[in-house]
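A.B. asks: Please work out how this folds:
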Amino acid sequence: MELKIRKNGNNYIIDVNGEMDLYNSYKLKELVMKMLEKKVERFIINLENVDYIDSSGIGALIYICSTIKKMSLKLIITNIHGSVKKVIELTKLMGYFPITNSIEEAILQMED
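C.D. replies: Numbering: from 1, shown residues only. You can find the predicted model right below:
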């Protein structure tokens, strides 16, 4: 799994590439925690290039989401598709995660 950060205004977009599984999902958690230390307030996690996620990946997303919610900051997860979308639907987390279909949509929602 590869992580890239880019900035759009006040929003930090984290592009996740590869599989989010037991062996690497902690990397996303660590990255977000470091960004929180640096006072980043708006996160967009882009899963466009993620084709596989396991329970560890879901766990990392839940941890990130709950941490950011507790701090009253903003998070949106975007571009969920294929088997990743199926896993999130099966675990009944579609309503828990703030989800959009595109980065553009996520940026618009951040402005609200």
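A.B. asks: Please enumerate the strands of the protein.
C.D. replies: 2-8, 11-17, 42-49, 74-78, 99-100 (DSSP state E).
A.B. asks: quick one: strands adjacent to the first one?
C.D. replies: Just to be clear, that refers to strand 2-8. Applying DSSP bridges, strand 2-8 is found paired with strand 11-17 (antiparallel).
A.B. asks: Quick check: pLDDT value at the residue nearest the centre of the chain.
C.D. replies: Residue closest to the average C-alpha location in the chain (Cα atoms, centre = their mean): Ile45, at 3.2 Å. Looking at Ile45, its pLDDT reads 98.
A.B. asks: May I have the residues that are in contact with it?
C.D. replies: 14, 16, 28, 61, 64, 75-78 (Cβ atoms under 8 Å, 6 or more residues apart in numbering). Yep, even glycine has a C-beta here, placed from its N, CA and C like the rest.
A.B. asks: Make a markdown table out of the strands of the chain and add distance to Lys92.
C.D. replies: Shown next, in a markdown table, are the strands of the chain (distance: least, Cβ to Cβ, whole Å):
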| stretch | distance to Lys92 |
| --- | --- |
| strand 2-8 | 27 |
| strand 11-17 | 22 |
| strand 42-49 | 18 |
| strand 74-78 | 15 |
| strand 99-100 | 13 |
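A.B. asks: And the nearest residue to Leu3 once chain neighbours are set aside, how close does it get to Asn11?
C.D. replies: Of all residues not flanking Leu3 in the chain, Leu31 sits nearest, at 5.6 Å (Cβ to Cβ, 6 or more residues apart in numbering). Taking Cβ to Cβ, to the nearest Å as the measure, Leu31 falls 15 Å from Asn11.
A.B. asks: Of those two, which one has the most company?
C.D. replies: Between Leu31 and Asn11, counted using other Cβ atoms under 10 Å, the more crowded position is Asn11 (19 against 16).
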